[in-house]
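>>> Sequence first, predicted coordinates after that:
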Amino acid sequence: MEIKILNLTKAYGDFKAVDDMNLSVADGELIGLLGPSGCGKSTTLFMLAGLTEPTSGQIFFGDKDVTRVPPEDREIGLVFQNYALYPHMTVLDNITFPLINRKVKKAEAIERAQEMAHLVQLDGLLNRKPSALSGGQQQRVAIARALVKKPQVLLLDEPLSNLDAKLRVETREEIKRIQQEVKITTLFVTHDQEEAMSISNRIAVMNRGVVQQYDAPQAMYLNPINSFVAQFLGMPQINMFEAKVTGRGVELNGVLLRTREQLDAAGKKVADGTYQMGVRPESLELCEDGFTVKADSVRMTGRDLLIFFKIGTTEFRALTHSDLQLRAGDDLCLRARKNSLIIFDADGSALVKC
């Protein structure tokens, strides 16, 4: 099922929770709606589900305009943040409930529920109550219940927010596996960028009701369209700073980050002046011919070392492998990898990458 969102807006008085959204989702894609709290991602999901009525715009499932179609007639499966399982029912009863509600014969309903339970790897747990399940198992019951109706579209609202860190990782992989097996068009809402980037085919990053960028995770991470996307994606966060473009190149507190020749080779002429710029911590590499700084502090995060330092008074973070023997107070020589320095225009849009 292909989904098309055309000029979709939801306004509450003068406040626009979703502002003129246009988005297309290909059949079988898994799309992440990502953004900070209050950006409009859940409102978008609820409009797709039919639980919230748009102020204007259209929603198409395939060739069918479903903008004003009731939720029960949209052929969707919806999984809420709190799972919304019936505590007095067994796993089997929870999964079969939508089918019994649709007057499907009990024998067929049980057969289909068992198929879904096998898909989400809940065999052997069908007679348990939700209280006897882990959070991840409860989540899979909710997914099985959503899928047992054989919907055309699966909608997930913050599906992993109630799980601990280890379980989040395991369950998101389960969601990806299930989605690929069923080949169902899926949209899920999250504020967790790692979650969205790890399992999505494409991500729509939203801010203040507006889609900032819609692209494949790696493409978006490497080529953010503006400073908001650059800062929202990435952990640790991108280094953002103000630096000058001069006849010499890109200068920060006396340190030359790029020569003018290197900057011009990026393919877009950048006028002299002060600009906001960004470079990701992992793009600052150790070398023998860069600029020398002193490590203010060093944190080991397992696989990586996070190094804090300053260029003049501007604070930076660099990320390198944890096998490096480095302590606070040590000198190190760094440079920004080729094609890793992003220069932003006055309106925050990405101007050039060099």
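Looks like it arrived, so ask away. Here the structure is a predicted model, which means the values were calculated and not measured.
>>> can you list the domains in the chain?
3-225, 239-353 (automatic domain parsing).
>>> Can you check my assumption that L78 lies in a helix?
No: L78 is assigned strand when assessed by DSSP: H, G, I helix; E, B strand; the rest coil, not a helix.
>>> Nearest to the spatial middle of the chain, which residue is it?
The centre of the chain sits closest to A196, judged by C-alpha atoms, centre = their mean, with a distance of 3.1 Å.
>>> Identify the residue spatially nearest to that one, adjacent ones excluded.
Nearest non-adjacent residue to A196, counting by C-beta to C-beta, 6 or more residues apart in numbering: G32, 3.5 Å away. Where you see a C-beta, it was placed from the backbone N, CA and C, and this is true even at glycine.
>>> Following element in sequence after the helix or strand harbouring that neighbour, please.
In this structure, G32 sits in strand 30-34 according to DSSP states H and E. The element immediately downstream of strand 30-34 (helix or strand, assigned by DSSP H and E) is helix 41-49.
>>> Tell me the bridge partners for the residue nearest to A196.
On the basis of DSSP bridges, G32 is bridged to F188, I203.
>>> so it touches S200, yeah?
Yes: counting by C-beta atoms under 8 Å, G32 touches S200, with 3.8 Å between them.
>>> what touches both of those two?
Shared contacts of G32 and S200 (C-beta atoms under 8 Å, 6 or more residues apart in numbering): F188.
>>> Which residue of the two possesses the greater neighbour count?
More crowded of G32 and S200, by other C-beta atoms under 10 Å: G32, with 26 against 23.
>>> Mind jotting down where the strands sit in the stretch 101-250 of the chain?
153-157, 185-190, 202-207, 210-215, 239-245, 249-252 (DSSP state E, counting those that start in this stretch).
>>> Can you classify the nearest residue to V255 once chain neighbours are set aside by secondary structure?
Spatial nearest neighbour of V255, excluding adjacent residues (C-beta to C-beta, 6+ apart): F291 at 4.6 Å. Following three-state DSSP, the label given to F291 is strand.
>>> same question, the one 3 residues further on
Under three-state DSSP, K294 falls in the strand class.
>>> And it, how far from T301?
21 Å (C-beta to C-beta, to the nearest Å).
>>> Now do the lengthiest helix in the chain and strand 153-157, the angle between them.
Ordering each helix of the chain by length in residues (DSSP state H) puts helix 165-182 first. Comparing the axes of helix 165-182 and strand 153-157 via axes from the mean of the first three to the mean of the last three C-alpha atoms, to 10 degrees yields an angle of 170 degrees.
>>> Count the residues that sit near the residue lying closest to A216 once chain neighbours are set aside.
Leaving aside its sequence neighbours, A216 sits nearest to R202 (C-beta to C-beta, 6+ apart; 5.6 Å). Other residues near R202 come to 19 when the count uses other C-beta under 10 Å.
>>> Hmm, L34 and R202 touching each other?
No: under the contact definition of C-beta under 8 Å, R202 does not touch L34, with a separation of 10.5 Å.
>>> Could you list every helix and strand in contact with the helix or strand bottoming out on mean pLDDT in the chain?
When the helices and strands of the chain are scored by mean pLDDT, DSSP states H and E, helix 165-182 comes last with a mean of 87. Helix 165-182 is packed against helix 106-119, helix 135-147, strand 153-157, helix 193-199, with contacts defined by 3 or more C-beta pairs under 8 Å, 6 or more residues apart in numbering; DSSP states H and E.
>>> which residues are in contact with it?
Helix 165-182 has contacts (C-beta under 8 Å, 6+ apart) with 30, 119-121, 134-136, 139-140, 143, 147, 154, 156, 159-160, 163, 186, 188, 192, 195, 198-199.
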